[in-house]
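Chemist: My questions are about this predicted structure, shown below with the sequence.
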Protein chains: 2
Amino acid sequence: MTINGQMQSAQLTIGSILDYAVRAHGNRPVVSVEPGSADLWRYDYAGLARRTAQSANMLAAAGVASGDRVSSLAWNTHRHLELFYAVPGLGAVLHTANPRLSDEQLIYTLNHAESRVLLFEANLAALVERIAPALHHVETFIVLAAEPLAAGGELEARAYDTLLAQFPETISWPMFDENSAAFLCYTSGTTGDPKGVLYSHRAVVLHAMGASLASAFGLTPFDSVMPCSSLYHATAWGLPFVAPLCGAKLVLPADRLDGASLHELIRDEEVTFTGGVPTIWTMYLAHLEATRSAPGPLKRIMIGGSAVPRAMAETFKSSYDVDVLQLWGMTETCPLGVIATPTPAIAALGEAEMQDMLWTRQGRLQFGVDMRIVGDDGTTCAHDGRSSGALQVRGPWVVQRYFRQPSDCTDDLGWFDTGDVATIDSFGFMRITDRTKDVIKSGGEWISSIDLENAAAGCSGVKVAAVVGIAHPKWEERPLLIIEPHDGAEPAESDVMATLSREFAKWQLPDQILFGPVPLTATGKIDKKQLRDRYAGLYGADN
Amino acid sequence: MTINGQMQSAQLTIGSILDYAVRAHGNRPVVSVEPGSADLWRYDYAGLARRTAQSANMLAAAGVASGDRVSSLAWNTHRHLELFYAVPGLGAVLHTANPRLSDEQLIYTLNHAESRVLLFEANLAALVERIAPALHHVETFIVLAAEPLAAGGELEARAYDTLLAQFPETISWPMFDENSAAFLCYTSGTTGDPKGVLYSHRAVVLHAMGASLASAFGLTPFDSVMPCSSLYHATAWGLPFVAPLCGAKLVLPADRLDGASLHELIRDEEVTFTGGVPTIWTMYLAHLEATRSAPGPLKRIMIGGSAVPRAMAETFKSSYDVDVLQLWGMTETCPLGVIATPTPAIAALGEAEMQDMLWTRQGRLQFGVDMRIVGDDGTTCAHDGRSSGALQVRGPWVVQRYFRQPSDCTDDLGWFDTGDVATIDSFGFMRITDRTKDVIKSGGEWISSIDLENAAAGCSGVKVAAVVGIAHPKWEERPLLIIEPHDGAEPAESDVMATLSREFAKWQLPDQILFGPVPLTATGKIDKKQLRDRYAGLYGADN
C-alpha cells in the first residue's frame, strides 16, 4: 500500500488559466475581428476576465446550471472565447457545434448534447432559423453580437452584448472536481452519426500545459498567437488556453480567413505564431505572391488536419523564412498528439535532411501522449520508420468513452485506436501512412493513398489530389487518383504520372487520373467515402 | 451537479517521465562525475531506465514495499538519479537526507522518516558510521559505489553496483494513484526540528511540467542541463525530471562544485543551462577570471536559495553574455515559485531597466502557483511594487501538511504562509524584502535586512554581508551589519557606509559594521539565528 503525499489538492480547472493570465499578464492584448464590421475588438486578459464573468452571470440567470450543456455556433471571436471560460467556469459544458456539418448532422449533435441554450453568430442566423424547429432541448437563443437580429425573422434571439451589460463584471466561481466535463466536441466522421468527446477540465488543462512546453508549441510572452483552426474544432488545438497560460497576445480572425485578411492581421497585430489546415495557407501564400508582400513578424505556422504539402513548407521556409511545424491530433486527443519540432539528432543530419524530416513526418512524440503502432497480428511494431501498423494512443487527454455510449472506446490496456496507420522512426517521429479505412490493397500488397496524394500534390497546377482504392476484379483494389487543378491550371496526366513514377513502383501507380472538383468534409478533409461511392463500379467489380 | 468528462484517467506518475524520455529521447546522454574517480560515467535515458529497473528490482528484493521509506545520503550522481526513479517507481518514498545537517538533525530526519534502507556515498561513510547506532529503523546499508567500503570499518554495507548486476534490466512497474507519496524532503529551518514535506507523484509531475513551460525554464532538446543545486535539496529544483521531460542532456557534477571542475564540465559537456546557489557561481566566476577563460556554450544560469548579488549578474551578462535567471522557491513548493524571465512589458523599459528588474526581483508569477501578499491587518496588498506583506502561496505543488503532523499548515482558504515578506509589482514580478522573522523594527518603522545586505554585498571586497536586528533600549531594534571579506580583501567601514548612504535613509543605516566570518546553515543560507544569539546583548537590551 502506498501512502499519500501531503501536497495541496488544488484542482486543474480551466478557470485557473484565465486567473493566472489576469494575475501575471493582465495587460496582454486580446484582439478579435468583429464579424460584420471593419473594426477590431480590443481588450486584454483582464478585460476578457471581466466579460467572462458577465457572460457567466448572464448564463446562470438564464438558468444554466452545473452539468447543463450550452451550444455555440460561432467563429474565432472574442465572444466565443468568453464562452470558452464562462460555460466551463459554471461547471456547465460548452458544446462547440460545427456550422460546416450538414443540417441533419448539426441537428443530431445539438439534440444529442441536449443543449438548453444556443449562442450563434449573426451571419449564421439563417442556418439557426432553418434548424430551430428540429431542436428538442434548446430553450434560449442568443445572437453573439452587439445588436439583435434585424426584425422580420422567425427567431426570437436577444443580443449577447445587450444581455451582458446587465450583469456584474465579477463572479464567485463555483468549486468542482477537475474531472468535471468542460467541453463537448463532436467528431465529423464520414460514416455514421457524429460521436461526442466529453473533455474534462483536467484533460484541457494538462493538454494546455503539454502544448505549452518549450519543446512543443514553445510560446513565450513575446509571442502573438492567431488560431486559424476553428474554435469549434477540438478547441483550435487548445490555443485559447495555451496563449493565456504562456502570456502570449491572442488574435482572433473570426471567419475572415482569406489571404488578404490574414495578411493584414499578421502584419498589424504582429502575429508570430499561427496555425490551421493547409487550405488556408494556400490562399495566404497566393495572396503574398500576388501582392509581392512578406509575412513580416510571422515566425512559425503549425499545420495540421491534413498532411502538409511539401511545396508549401518549402515556400514558407525558403521564400519567407517561416518555419512550418506539422502536427497531428484528433478530436479524441484534445487534439495534440505529435508536433514536428527539431532535435539534435535530426539537426545532425544537416539542414536539408532535417527540414525534409520535419515536413514529411506528422511530428515528434510528446510528453503526455503514449503512442504505439500495432501490426495486423496484434504485436507492437518496431520504431524503425518502416514497420507500419494501427496507431494507438493513451494518456490523460485521450478519450475513454464517447458521450452517452454504454462502453469504452479503448482496449483493456487503455489504448485508443486512432484509425490511422503509421510508422514511428528511431528519432521518435511519427508518420501517418494512411487511414485504416483508406489503405489500398492491390495484388496482396499495401499502397499508401497518402504517399500518392502527397507526391501528386507537389505537381505543378495541382490544388488537391485524392487517392482512393477502387474494387478490381483481378487485383482486389486499384488506386484511383482524382486531381482538382488550381483555377486556370491544366496539369497534364502524363506529367503527373512521370513525377509519380520517380517515387513509386509501377504496380503502385494509379491506372488513370481523373480531373475535377474534390469533395471535402465539414472539417476540410477529402471526403473519400463520397469518392469511393462515386467511382465504385469503375473497374467493373463489386465493392 | 457537474457531470464527469470521459477522458482517460491516466495517472501523473514520475515513471511516466522516464518512460517518455526513453520513447522520444532514448539516445540523449546522461553524464555524471564518478565520486572518487577522474572518469565520467556516461549513458543515455535508455541506459538510465535499464539501471533504474535493476535498482528497483534490487530494492524490492531487499524488502522495500509500497509506502516504505528509503533514504539517500548522496550527491548529484547517476546513482542518486536512478534512486529518484526506482524508489518512487516502486510506490515507495525516497527521503533525500541532507548530509550538511548536524548529526543530531540528520538522525532526527532518518528516524522520523522511519527509513528501512539507507544508500550513501562512499565519501560519507564516516558520517554514516557515526550516526548508524542512533538509527532506529534502518535495516540495510548500501554504499553508492562500484566497490564495497574498504575493510576495517564497523559498517556492513554492500556496493550498489555489485548488487545491481544481479538483477534484470526490465521490470513490471506497479500501478498506483498519482496522489501516492514519492519524495520526503525535510526543511532545514534554523529553529526547531526539521519538518518533512511529502511530495506526491502528482505534485512532482505537475511541477516538472510547469517548470518546463517555454515561459519558465524553457528547455528544449537542444539544451544540456547541469543541476548544481543539490538533489537532496527539494530535488534540485526538479531538474532531474525537467531535463528528461524536455529531452535535454543531463550532466551531474556530484560534489565537485569548485570553479575548475564546473568550468571543465560546462566546456566539455556543452552545458547550456545550469543552476545553483550564489556561492557556487562566485567560485566559478573567480576561476574564469583567474584563468582568463570563457563559459563557452553556457547561455543561462538559474540562481536561487539567496538573492543574486547584482555584481554577479552584471558580470555574467556583460563579460560573458550569460543570462542570470533569479528564482525563488522553497522545499514546501517543490520548489518552483517564481522565476525571473523577460516579458514585453519590461522589455519596453529598455535593456538596462529590464536587466535591473530581472536581477532585483525574485521572479515572475508562474502558472500553477497562486500567490498573494497579506498585510499586518490581514488584508491582501495591492500589486504596486511598494506594499509589502506576508507572502502566501497555493497550488497543486504546494504543501498541505507536514509529514506526521496532526494538522494542516495552510489556512482555511488553502494558503500556505511562506515566512517571507514580499512585494508584487504591476508587471507581475515578486520581490522578497525579508524573512518575516528577520524583519527589523526600529523606532516604529520597518527596515529590510535583505535590501541592506544586497547593497553591502555590492561593495568591493565583500564576500558575504549579513544584517540582523539587535534589541535596543531606545529604538526597539537596530540593524547590525556583519561582513565577511573576500580572502585578502580589507573593505573599509567608511566606504561601505558611504555606499549604503546613497540608497538608505540615515535611520535605516546600521550603527556599526563588524568584520569576520558569517555562519551559514546546512543549505548555504546565512544563519541569522546564530548571529542574533551571538550579538544579542550588543546594545544592552534584552532580546
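Modeler: Arrived safely, thanks for sending. As the structure is a prediction and not an experimental result, all values here were calculated from the model.
Chemist: Just give me how far the worst-scoring helix or strand of chain A on mean pLDDT sits from the chain centre.
Modeler: Lowest mean confidence among the helices and strands of chain A (mean pLDDT, DSSP states H and E): strand A:445-447, at a mean of 81. How far strand A:445-447 lies from its chain's middle: 29 Å, per C-alpha atoms, centre = their mean, to the nearest Å.
Chemist: Check stretch A:452-465 too.
Modeler: How far stretch A:452-465 lies from its chain's middle: 22 Å, per C-alpha atoms, centre = their mean.
Chemist: What's the end-to-end length of it?
Modeler: Stretch A:452-465 has an end-to-end distance of 9 Å (C-alpha to C-alpha, to the nearest Å).
Chemist: Run through who's touching that stretch.
Modeler: With C-beta atoms under 8 Å, 6 or more residues apart in numbering or on different chains as the test, stretch A:452-465 has contacts from A:282, A:307, A:309-311, A:360, A:466-467, A:479, A:481-487, A:489-491, A:495-496, A:499-500, A:503-504, A:508, A:510, A:518, A:526. (Glycine included, C-beta is placed from N, CA and C.)
Chemist: in what helix or strand does residue A:22 lie?
Modeler: Counting by DSSP states H and E, the element that carries residue A:22 is helix A:14-25.
Chemist: how about that helix: buried residues?
Modeler: For helix A:14-25, burial by neighbour count (16 or more other C-beta atoms under 10 Å in any protein chain shown) applies to A:14-25.
Chemist: so which of those residues also contact chain B?
Modeler: Contacts with chain B are made by A:16-17, A:19-20, A:23-25 out of these, judged by C-beta under 8 Å from any C-beta of the partner chain.
Chemist: pLDDT added to these, as JSON lines?
Modeler: Below are those laid out as JSON lines (pLDDT from 0 to 100):
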{"residue": "A:16", "pLDDT": "98"}
{"residue": "A:17", "pLDDT": "98"}
{"residue": "A:19", "pLDDT": "97"}
{"residue": "A:20", "pLDDT": "97"}
{"residue": "A:23", "pLDDT": "94"}
{"residue": "A:24", "pLDDT": "96"}
{"residue": "A:25", "pLDDT": "96"}
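Chemist: The stretch 201-350 of chain A against chain B: which residues are in contact?
Modeler: Checking the stretch 201-350 of chain A against chain B by C-beta under 8 Å from any C-beta, the hits are A:201-203, A:206, A:209-210, A:212-215, A:217-222, A:245-247, A:334, A:341-345, A:347.
Chemist: Single out the residue in the stretch 151-300 of chain A that lies closest to chain B.
Modeler: Closest to chain B within the stretch 151-300 of chain A is residue A:200: 2.6 Å, counting by C-beta to the nearest C-beta.
Chemist: Who are the contact partners of that residue?
Modeler: Per C-beta under 8 Å, 6+ apart, neighbours of residue A:200: A:178-182, B:4-7.
Chemist: Which residue is the nearest non-sequential neighbour of it?
Modeler: residue B:5 (2.6 Å; C-beta to C-beta, 6 or more residues apart in numbering or on different chains).
Chemist: That neighbour: what's it in contact with?
Modeler: Residues near residue B:5 by C-beta under 8 Å, 6+ apart: A:179-182, A:198-203.
Chemist: Repeat that for residue A:41.
Modeler: By C-beta under 8 Å, 6+ apart, the neighbours of residue A:41 are A:31-34, A:77-78.
Chemist: what do you get if the cut-off is 6 Å, keeping everything else the same?
Modeler: A:32, A:34, A:78 (C-beta atoms under 6 Å, 6 or more residues apart in numbering or on different chains).
Chemist: quick one, what contacts residue A:388?
Modeler: So residue A:388 contacts A:421, A:423, A:433 (C-beta under 6 Å, 6+ apart).
Chemist: er, residue A:27 I mean
Modeler: residue A:44.
Chemist: how about 7 Å then?
Modeler: A:44, A:46, B:345 (C-beta atoms under 7 Å, 6 or more residues apart in numbering or on different chains).
Chemist: ok so, going back, name the residues that touch the helix or strand just after the helix holding residue A:22?
Modeler: Heading C-terminal from helix A:14-25, the first helix or strand you meet, by DSSP H and E, is strand A:29-33. For strand A:29-33, contacts defined as C-beta under 7 Å, 6+ apart pick out A:40-45, A:48, A:77-78, A:249-254, A:256, A:269.
Chemist: buried stuff in the following helix or strand past strand A:29-33?
Modeler: Toward the C-terminus, strand A:29-33 is succeeded by strand A:40-44 as the next helix or strand (DSSP H and E). By 16+ other C-beta under 10 Å, the buried positions in strand A:40-44 come out as A:40-41, A:44.
Chemist: ok so residue A:264 is a strand residue?
Modeler: No - per DSSP: H, G, I helix; E, B strand; the rest coil, residue A:264 lies outside any strand segment and is helix.
Chemist: what about it, how many neighbours?
Modeler: If you count neighbours by other C-beta atoms under 10 Å in any protein chain shown, residue A:264 ends up with 16.
Chemist: any idea how far it is from residue A:417?
Modeler: As judged by C-beta to C-beta, to the nearest Å, residue A:264 and residue A:417 stand 43 Å apart.
Chemist: same question, residue A:156
Modeler: 45 Å.
Chemist: Looking at those two, which is more packed in?
Modeler: Of the pair residue A:156 and residue A:417, residue A:417 is the one with more neighbours under other C-beta under 10 Å, namely 15 against 10.
Chemist: The closest residue in space to the more buried one that isn't next to it in sequence: what secondary structure?
Modeler: The spatially closest residue to residue A:417, leaving aside those adjacent along the chain, is residue A:392, at 5.2 Å (C-beta to C-beta, 6+ apart). Here residue A:392 is recorded as strand under three-state DSSP.
Chemist: wait, residue A:392 sits on residue A:413?
Modeler: No - contact criterion C-beta atoms under 7 Å: residue A:392 and residue A:413 do not qualify, at 9.2 Å.
Chemist: okay if I get the contacts of residue B:5 as CSV plus pLDDT, distance to residue A:367 and secondary structure?
Modeler: Formatted as CSV, those follow (pLDDT from 0 to 100; distance: C-beta to C-beta, whole Å; DSSP: H, G, I helix; E, B strand; the rest coil):
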residue, pLDDT, distance to residue A:367, secondary structure
A:179, 98, 21, coil
A:180, 98, 24, strand
A:181, 98, 24, strand
A:182, 98, 22, strand
A:198, 98, 23, strand
A:199, 98, 19, strand
A:200, 98, 19, strand
A:201, 98, 20, helix
A:202, 98, 16, helix
A:203, 98, 15, helix
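Chemist: tally of neighbours for residue A:274?
Modeler: 28.
Chemist: helix, strand or coil for the closest residue to it other than its chain neighbours?
Modeler: Computed as C-beta to C-beta, 6+ apart, the closest residue to residue A:274 that is not its neighbour in sequence is residue A:226, at 4.4 Å. Three-state call for residue A:226 (three-state DSSP): strand.
Chemist: so what's residue A:226 up against?
Modeler: A:251, A:253, A:265-266, A:271, A:274.
Chemist: Can you show me the CA trace of the helix holding residue A:22 as PDB?
Modeler: The C-alpha trace of helix A:14-25 is given here as PDB (Å, rounded to 0.1, in the frame of the first residue of the first chain):
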ATOM      1  CA  ILE A  14      -9.900  25.900 -16.900                       C
ATOM      2  CA  GLY A  15     -10.700  29.000 -14.800                       C
ATOM      3  CA  SER A  16      -7.200  28.700 -13.200                       C
ATOM      4  CA  ILE A  17      -5.700  29.500 -16.600                       C
ATOM      5  CA  LEU A  18      -7.600  32.800 -17.000                       C
ATOM      6  CA  ASP A  19      -7.000  33.600 -13.300                       C
ATOM      7  CA  TYR A  20      -3.300  33.200 -14.000                       C
ATOM      8  CA  ALA A  21      -3.300  35.300 -17.100                       C
ATOM      9  CA  VAL A  22      -5.100  38.200 -15.200                       C
ATOM     10  CA  ARG A  23      -2.600  37.900 -12.400                       C
ATOM     11  CA  ALA A  24       0.600  37.700 -14.400                       C
ATOM     12  CA  HIS A  25      -0.300  39.100 -17.900                       C
END
